[in-house]
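Trainee: Next one to model:
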Amino acid sequence: MKSKLILTALLLCASSLFAQDKPAAEDFRDDWADLRHYAAENKTLPAPASAEKRVVFLGSSIFEFWKTRMPEYFTNNKNYIDRGISGQISPQLLIRFRQDVIDLKPKAVIILAGSNDLAGSTGHVSIESIMNNVRSMAELAKTHNIKPILCAYLPVFEYPWKKAYPAAENIIALNKAIKLYAEQNKLVLLDYFTPLVDEKNGQRAELTLDGVHPNRKGYEIMARVTDEAIKRALK
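Mentor: This is a model prediction of the structure:
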């Protein structure tokens, strides 16, 4: 019995020492906006060349997935910098704006925001609260001589994870507010809604994977209207 007690004590002591040697997992709860997501990549990104017209794409999954579903769009346009993070809402984009936009010294920024705010489950989001964040980002861009390009959001008839929510109605309301702000401030509006919409105010079935995210065909259409908007903004 005594030897068993000694063995147990030794094992407990060894496990305690091992636990002390093992580093604790880093706590990222204070990085709510996920600034670490592109921090390392930003450090390796060279400053834009003197004649380069760099454009940052700031948004959530629509932009992040673009890099995998149509990767050549960014490899063929080296001046296009994708800074999308899946699931992000407009206040997170605002927090990231200095690190992932201003510090990269672009000529223009494309701001695609609002759908995840609307699709959330808390019920605390309004069109006005989204627009406050969009306005702040546009104002920051102009302060730093960056042309803000605002987006009319892609059509969504129904969020698969929030079926009872009137998605189409609220996306249309958001787009009206964004369009009005763009007109009032003489900003370029990049319309992703019109070329993708179907008769129910959702995305055309042949252009989407789930009614929210585009497939390759959808991204090909988005690429065309994006290039046109960038030309208008940087002329």
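Trainee: Ignoring the adjacent residues along the chain, who's closest to Ala119?
Mentor: Excluding its sequence neighbours, the residue lying closest to Ala119 (CB to CB, 6 or more residues apart in numbering) is Tyr159, at 4.7 Å. For glycine as for every other residue, the C-beta is placed from the backbone atoms N, C-alpha and C.
Trainee: what about the one you found, how many neighbours?
Mentor: 18 (other CB atoms under 10 Å).
Trainee: Identify each buried residue in stretch 226-235, please.
Mentor: Residues 226, 229-230, 233 are the ones in stretch 226-235 that count as buried (16 or more other CB atoms under 10 Å).
Trainee: what are the C-alpha coordinates of stretch 224-231, in PDB please?
Mentor: C-alpha atoms of stretch 224-231 as PDB (Å, rounded to 0.1, in the frame of the first residue of the first chain):
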ATOM      1  CA  ARG A 224     -16.800  42.700 -64.200                       C
ATOM      2  CA  VAL A 225     -18.800  45.300 -62.200                       C
ATOM      3  CA  THR A 226     -16.000  45.700 -59.700                       C
ATOM      4  CA  ASP A 227     -13.500  46.600 -62.400                       C
ATOM      5  CA  GLU A 228     -15.900  49.100 -63.800                       C
ATOM      6  CA  ALA A 229     -16.400  50.700 -60.400                       C
ATOM      7  CA  ILE A 230     -12.700  51.000 -59.700                       C
ATOM      8  CA  LYS A 231     -12.200  52.700 -63.100                       C
END
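Trainee: Would you map the helices across this protein?
Mentor: Applying DSSP state H to the chain gives helices spanning 2-21, 36-44, 61-69, 72-75, 90-100, 115-119, 127-143, 167-184, 216-234.
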